[in-house]
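>>> quick one, what's the 3D model for this:
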Amino acid sequence: MILDIARAAKYVIAAGISVIWGILMLNMILGKHRKEDKRILWSYAGIICGVILLMIGMSWLSQYMDDILNNMSDEQFNDVFCNMGITFLWMLVDIARMLVPSAAIIAAALLGFTNDQSTKLFTTVLVVLMALVINDYFAPLSMMPAYFNHVYPEEVGILAYVLSRAVLFELAYLVFRRYLRDRLTEILDASDGRMGTFIRVPVISCIAFCISLSFFTAMGVGDLSGHFLNQIFWSVLLGMLTLVYVWMYWAIFRAVTLATESMKTKAELDVASKIQASVLPRTFPAFPEHDQFDIYASMDPAKEVGGDFYDFFMIDENRLAVVIADVSGKGVPAALFMMSARTMIKNQSFLETDPAKVLMTVNNQLAENNEEGMFVTTFLAVWDLAAKELTFSNGGHNPPYVVRSNGAVEQLAVRPGFVLGGMEGIRYRNQSISLGVDDKLLLYTDGVTEAVNPGFELFAESRLEKVLEHTELLSPKECIEKILAALNEFADGAEQADDITMVVLKICR
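As a prediction, the model looks like this:
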């Protein structure tokens, strides 16, 4: 009877250590979300007491089945169905022995933390799996000297049994805290409740792990009193199962990490996109106090943030500055360069109203320390409301179009100029034209003419000129909407390759 009590004590102690270790692990991983309630400690104590009572019951049932097995006659022992029944009952008891501490750890997680349920369940399954591996794999290995001496586990002292598990659990706790805690905590916090996507696989796998262990134990594969080769096979088998689950969790954490980083990047790009949109004029009519002209603009970036920009502002009471530009490259670098270029052009336009001088000064500023070799094509025009004259200078940008009041479409014969930021000391020249009442000026970036369809054909200037025909009666907004509709019809679902930006200025009187 002493040996039976010893075995019961070992079951209870092993389960108790597993639960206490699991609760400590949960507090280490999810500690920032621990409920500040003193009653939680009483709940933990109740869980541990419940586990102890259940494990005593499991131990009693196991000993009862041993008695039945020892008292079986030879005929009953050789009966196939009887053996299958005993084996099945052994599996149930063994599964229950593993699931009781597991259920206790899950209950502790649900009661003691404020995380979403999916995160708590995912973390708990990880902790439970680690406890099972330590209890059913590493702990037996710690007692290998006893195997060599063919000593039964029941004959191993209680103190040695307790110390072996306590030491292994403590080592696992310290290793996890030192190398894995911060990374796991970061991933769980960043997942923001999305662990529910990954719960099913670990839960099913953990249950399969328990069933596999209990099956091999019931079949005698893991009999601790067996041959040395049997122990080697058992150790290799459990080692392979452990590696499978380590790989599974690594794959899950990798997927979560990639998804989290992707969502974090997307969130940052969304913020950058909103900031970029906020600095561009988007309120129309832009100058309700000036009835001499009407202006409208739009920008449709190919990515979350774009490299195109436009701007228009009154330099003084009688002069309106209009600028459109296209930065080399795409994405965040182009957006940052765009913000710098836009700020410089606007600030310089208030200091020097001559477009050529503005471009020359801004070019020198952008070219200075331009280690990335970025540049921006720019078209800057100043409309004199009194003189009815448009003065402009071009820095390597697409030539604008003028739609006359009689419907004629003209492409401005502008000097190409050199891009801004490419080289210091470049000189730019001014040109000027007169615009009459109801004439319109279209500024655009190459995203319009270089839009492609599924057949990789370019929209091209010829199609743009055709769209501009019969737009003499349209407002600036209607004109841009007509061009965008034509682009969408032409693209026919093809992916947008470049930013599409347009500005239309109409002379009203």
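>>> now the strands for this protein?
Here the chain has its strands, by DSSP state E, at 293-300, 308-316, 319-327, 376-384, 389-395, 401-403, 409-411, 431-434, 440-444, 500-507.
>>> same for the fifth one, what does it pack against?
Read it as strand 389-395. helix 355-367, strand 376-384, strand 431-434 (3 or more Cβ pairs under 8 Å, 6 or more residues apart in numbering; DSSP states H and E). Placement of C-beta: from N, CA and C, glycine included.
>>> quick check, residue 421 in contact with residue 338.
No. Residue 421 sits out of contact with residue 338 when judged by Cβ atoms under 8 Å, with a separation of 11.1 Å.
>>> what touches both of these two?
Common neighbours of residue 421 and residue 338 (criterion: Cβ atoms under 8 Å, 6 or more residues apart in numbering): residue 376.
>>> about what we covered before: what's the most buried one of the helices and strands packed on strand 389-395?
Counting by mean count of other Cβ atoms under 10 Å, strand 376-384 has the highest mean neighbour count of the helices and strands packed on strand 389-395, with a mean of 25.
>>> put the alpha carbons of that strand into PDB.
Output of strand 376-384 as PDB, limited to C-alpha atoms (Å, rounded to 0.1, in the frame of the first residue of the first chain):
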ATOM      1  CA  VAL A 376      11.200  66.000 -59.700                       C
ATOM      2  CA  THR A 377       9.700  67.200 -62.900                       C
ATOM      3  CA  THR A 378       7.800  70.500 -62.400                       C
ATOM      4  CA  PHE A 379       5.600  72.900 -64.300                       C
ATOM      5  CA  LEU A 380       5.100  76.300 -62.600                       C
ATOM      6  CA  ALA A 381       2.800  78.900 -63.900                       C
ATOM      7  CA  VAL A 382       1.700  82.300 -62.700                       C
ATOM      8  CA  TRP A 383      -1.700  83.700 -63.900                       C
ATOM      9  CA  ASP A 384      -1.900  87.500 -63.900                       C
END
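>>> now find how far off-centre it is within its chain.
How far strand 376-384 lies from its chain's middle: 40 Å, per Cα atoms, centre = their mean, to the nearest Å.
>>> same thing with stretch 403-418?
In terms of Cα atoms, centre = their mean, the centre of stretch 403-418 is found 47 Å from the chain centre.
>>> which parts of that stretch are buried?
Residues 403, 409, 412, 414, 417, 418 are the ones in stretch 403-418 that count as buried (16 or more other Cβ atoms under 10 Å).
>>> next one: the first one from residue 129, what distance?
Look at residue 403 and residue 129: by Cβ to Cβ, to the nearest Å, they are 71 Å apart.
>>> what segments of the stretch 1-150 of the chain are helices?
Using DSSP state H, counting those that start in this stretch, the helices of the stretch 1-150 of the chain run over 2-30, 39-70, 74-78, 80-112, 117-133, 139-141, 144-148.
>>> please work out the average pLDDT along the second one.
Per-residue pLDDT values over helix 39-70 give a mean of 77.
>>> what of stretch 105-112?
What stretch 105-112 shows for mean pLDDT is 83.
>>> buried ones in it?
105, 106, 107, 108, 109, 111, 112.
>>> can I get the helices and strands packed on strand 389-395 in TSV including distance to residue 293 and mean pLDDT?
As requested, the helices and strands packed on strand 389-395 are exported to TSV (distance: least, Cβ to Cβ, whole Å; pLDDT from 0 to 100):
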stretch	distance to residue 293	mean pLDDT
helix 355-367	17	94
strand 376-384	7	95
strand 431-434	14	94
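>>> in JSON lines, list the ones you listed along with distance to residue 506.
Shown next, in JSON lines, are the helices and strands packed on strand 389-395 (distance: least, Cβ to Cβ, whole Å):
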{"stretch": "helix 355-367", "distance to residue 506": "20"}
{"stretch": "strand 376-384", "distance to residue 506": "11"}
{"stretch": "strand 431-434", "distance to residue 506": "15"}
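>>> residue 122 is nearest to which of those?
Nearest of those to residue 122, taken as Cβ to Cβ: strand 376-384 at 47.9 Å.
>>> what about stretch 358-366, distance to the chain center?
Distance, centroid of stretch 358-366 to centroid of chain: 39 Å (Cα atoms, centre = their mean).
>>> can you tell me what sits against that stretch?
So stretch 358-366 is in contact with 337, 340-341, 344-345, 348-349, 352, 375-376, 378, 380, 393, 395, 417-418, 420-428, going by Cβ under 8 Å, 6+ apart.
>>> please save the CA atoms from that stretch in CSV.
What follows is stretch 358-366, C-alpha atoms only, in CSV (Å, rounded to 0.1, in the frame of the first residue of the first chain):
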residue,chain,number,x,y,z
VAL,A,358,11.8,80.0,-58.4
LEU,A,359,12.7,76.8,-60.2
MET,A,360,16.4,77.7,-60.3
THR,A,361,16.5,78.3,-56.5
VAL,A,362,14.5,75.2,-55.6
ASN,A,363,16.6,73.1,-58.0
ASN,A,364,19.8,74.2,-56.2
GLN,A,365,18.2,73.4,-52.8
LEU,A,366,17.0,70.0,-53.8
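>>> residue 421 and residue 338 - which one has more neighbours?
More crowded of residue 421 and residue 338, by other Cβ atoms under 10 Å: residue 421, with 28 against 25.
>>> pull the contacting residues for the more buried one.
Taking Cβ under 8 Å, 6+ apart as the contact definition, residue 421 lies against 337, 341, 363, 366, 367, 370, 374, 375, 376.
>>> phi and psi next, for it.
phi 100, psi -10 (degrees, to the nearest 10).
>>> pLDDT-wise, which helix or strand of the protein ranks last?
Every helix and strand of the chain was ranked by mean pLDDT, DSSP states H and E. The lowest is helix 144-148, at a mean of 44.
>>> where does the stretch 251-400 of the chain dip in pLDDT?
The model of the stretch 251-400 of the chain has pLDDT under 70 over residues 253, 256-257, 260, 263-264, 267-269, 272-273, 276, 304-306.
>>> quick check, nearest of the contacts of residue 421 to residue 183?
Closest approach to residue 183 among the contacts of residue 421 (Cβ to Cβ): residue 337, at 34.9 Å.
>>> the closest one: how many residues sit nearby?
Count around residue 337 with other Cβ under 10 Å applied: 21.
>>> again with residue 312
Per other Cβ under 10 Å, the neighbour tally for residue 312 reads 23.
>>> hmm, it is touching residue 282, no?
No. The pair residue 312 / residue 282 is not scored as a contact, 11.5 Å apart, by Cβ under 8 Å.
>>> span of stretch 435-442 from start to end?
The stretch stretch 435-442 measures 12 Å between its terminal residues, going by Cα to Cα, to the nearest Å.
>>> what comes into contact with it?
322, 381, 383, 388-390, 400-405, 468, 471-472, 476, 479, 502-509.
>>> just give the number of residues close to residue 60.
Around residue 60 there are 13 other residues, counting by other Cβ under 10 Å.
>>> with residue 492 instead?
10.
>>> could you measure from it over to residue 459?
In terms of Cβ to Cβ, residue 492 sits 11 Å off from residue 459.
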